[in-house]
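In: got a sequence here, can you model it:
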Amino acid sequence: MLLKIIYRNLAHKPLGAALSIALLALSTGIISMLLLLQTQLEQKFERDLKDIDLVVGAKGSPLQLVLSAVYHVDAPTGNIPLEEVEKLRKMRSISGITPLAYGDSYQRFRILGTDTTFISRYGGKLRSGRLFGQSLEAIAGATVAENTGLQVGQTFYSTHGDADGGAQHDHAGYVVTGILERSNTVLDNLLLTDVSSVWSIHEEEHEEHGHEHGHEHDHDSIPREITAALVKARSVHSAMTLPMMINESTGMQAASPALEINRLMKMLGIGVTALQTLALGIMLISGFSVFIALYNRLRERKYELALMRSMGCSRARLFWMLLSEGMLLALTGFIGGLLLSRLGLWILNSGAAREFHFVFRYEPVQSELWLLGITVLVGALAALVPAVSAFRMNLSRALADA
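Out: Modelled structure (predicted):
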């Protein structure tokens, strides 16, 4: 019965209620989407680090190096000599190195030349087939297989670079030997092969160009290069001292993924904080709108409320009824905000899935529970003054004024 009365009270002036709900939905929608983006990006950054202490690559932007070598969402800074990387492998302060070599793609999914330590680093498991063992054999991540339709035994031809318009290497094809299970890591979005396969593709291309121009290429004269190396230090002290040593004594650079990602999140955090502050401001305005709507309705409904009191309705019941109206408006706005945030994620995913091969999930995060509490509290506070006024209403005066 009480819910029916509350519903009719709110439906009496639908435009005012709709404005309050729309403002609440807009503010909670912005905050909810920011919480989802921030939480999932932090989880992805942390999940894909997988004990990588350092990334070694060509001189350039350390953040670009980390994004390209760890998260595979940016262009590499260049190539580095394999000979220099092998020298690092012999250092006692380094416990392990995983080589990375790339430059080609298939349907915008990066082909990565590496070794099996890269797969074990992320806990990769085969869903079907086997690991690559010979030149020009490759295994596909779960997302790659789903989006391209690649199957075990199928042959595909790589494209130079990450863009769709790159030149296709028709002279040699990769054979898919395995499909990985979904791991929710970078493995899902990669085609993995050995480093020699990446070299082989480009050496054959150089030979074809050499024959066209009357030149011969000596395989031994071609420098062996990789794009980057993932380094695991033997101790925390080594992880702190190695970057300076590598940067100063070699032609390569060493970057700390954790440090660079923290810097990136701080830069993003400034924008996120600004948007959250804006959304909180909109929420306060919406709370004031709820207060105005309920207070005006209270003045219009004094006689009605007085009749309810005279027919046996208690003060506490009237107080709770008006308070519930404010909280119901807030709860409706919160649900609308959740729908808006998921719509925003859907729009974002339509672009992010293709450009970055990353899809934001729609399930709620724990921080949205705090947002629910704050939203309902705003509605309750907005309704508090009208509810108190109804509780303290002079029954005889209200009936006499009518």
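In: and the strands in this structure?
Out: 54-58, 80-81, 94-106, 109-114, 126-129, 137-140, 155-156, 159-160, 174-180, 190-194, 225-226, 228-233, 252-255 (DSSP state E).
In: who wins for proximity to residue 201 among those strands?
Out: When these are compared for distance to residue 201 using CB to CB, the nearest one is strand 94-106, at 6.6 Å. (Glycine included, C-beta is placed from N, CA and C.)
In: quick one: that closest one to chain centroid distance?
Out: 24 Å (CA atoms, centre = their mean, to the nearest Å).
In: can I get that strand as PDB, trimmed to CA atoms?
Out: Only the C-alpha atoms of strand 94-106 are listed here, as PDB (Å, rounded to 0.1, in the frame of the first residue of the first chain):
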ATOM      1  CA  ILE A  94      69.700 -11.600 -14.300                       C
ATOM      2  CA  SER A  95      67.900 -14.900 -13.800                       C
ATOM      3  CA  GLY A  96      66.000 -15.100 -17.100                       C
ATOM      4  CA  ILE A  97      65.500 -13.300 -20.400                       C
ATOM      5  CA  THR A  98      62.600 -13.800 -22.900                       C
ATOM      6  CA  PRO A  99      63.300 -12.500 -26.400                       C
ATOM      7  CA  LEU A 100      60.600 -10.700 -28.500                       C
ATOM      8  CA  ALA A 101      60.700 -10.200 -32.200                       C
ATOM      9  CA  TYR A 102      57.900  -8.700 -34.200                       C
ATOM     10  CA  GLY A 103      57.000  -6.500 -37.100                       C
ATOM     11  CA  ASP A 104      54.300  -8.500 -38.900                       C
ATOM     12  CA  SER A 105      50.600  -9.200 -38.200                       C
ATOM     13  CA  TYR A 106      47.600 -11.200 -39.400                       C
END
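In: and it, which strands flank it?
Out: Strand 94-106 has the following sheet partners, assigned by DSSP bridges: strand 109-114 (antiparallel), strand 159-160 (antiparallel), strand 228-233 (antiparallel).
In: tell me the pLDDT at the nearest residue in space to residue 81 that is not next to it in sequence?
Out: With CB to CB, 6 or more residues apart in numbering as the measure, residue 225 is the residue that lies nearest to residue 81, at 5.8 Å, once sequence neighbours are left out. Confidence at residue 225, expressed as pLDDT, is 90.
In: now for residue 225, how many residues are close by?
Out: The local packing of residue 225 (other CB atoms under 10 Å) involves 18 other residues.
In: repeat that for residue 251.
Out: The burial count assigned to residue 251 is 11, neighbours taken as other CB under 10 Å.
In: what does residue 351 give?
Out: Other residues close to residue 351 by other CB under 10 Å number 9.
In: buried stuff in stretch 272-287?
Out: Along stretch 272-287, the positions that meet the burial threshold by neighbour count (16 or more other CB atoms under 10 Å) are 276, 279, 282, 283, 286, 287.
In: what's in contact with stretch 366-383?
Out: 24, 28, 31-32, 35-36, 39, 283-284, 286-288, 290-291, 294, 322-331, 333-334, 337-338 (CB atoms under 8 Å, 6 or more residues apart in numbering).
In: send me it as PDB with only the CA atoms.
Out: Below are the C-alpha coordinates for stretch 366-383, written out as PDB (Å, rounded to 0.1, in the frame of the first residue of the first chain):
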ATOM      1  CA  GLN A 366      32.900  -3.700  -5.800                       C
ATOM      2  CA  SER A 367      33.300   0.100  -5.800                       C
ATOM      3  CA  GLU A 368      29.800   0.400  -7.500                       C
ATOM      4  CA  LEU A 369      28.300  -0.800  -4.100                       C
ATOM      5  CA  TRP A 370      29.800   2.400  -2.600                       C
ATOM      6  CA  LEU A 371      28.300   4.400  -5.400                       C
ATOM      7  CA  LEU A 372      24.900   2.800  -4.700                       C
ATOM      8  CA  GLY A 373      25.200   3.800  -1.000                       C
ATOM      9  CA  ILE A 374      26.200   7.400  -1.800                       C
ATOM     10  CA  THR A 375      23.400   7.800  -4.400                       C
ATOM     11  CA  VAL A 376      20.700   6.500  -2.000                       C
ATOM     12  CA  LEU A 377      22.200   8.700   0.700                       C
ATOM     13  CA  VAL A 378      21.900  11.800  -1.500                       C
ATOM     14  CA  GLY A 379      18.200  10.900  -2.100                       C
ATOM     15  CA  ALA A 380      17.600  10.400   1.600                       C
ATOM     16  CA  LEU A 381      19.300  13.700   2.500                       C
ATOM     17  CA  ALA A 382      17.300  15.600  -0.200                       C
ATOM     18  CA  ALA A 383      14.100  14.200   1.300                       C
END
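In: chain center to it, what's the gap?
Out: Counting by CA atoms, centre = their mean, stretch 366-383 comes out at 25 Å from the chain centroid.
In: same question, stretch 118-134
Out: With CA atoms, centre = their mean as the basis, stretch 118-134 stands 25 Å off its chain's centre.
In: end to end, how far does it reach?
Out: Looking at stretch 118-134, the gap from its leading to its trailing residue is 17 Å under the measure CA to CA, to the nearest Å.
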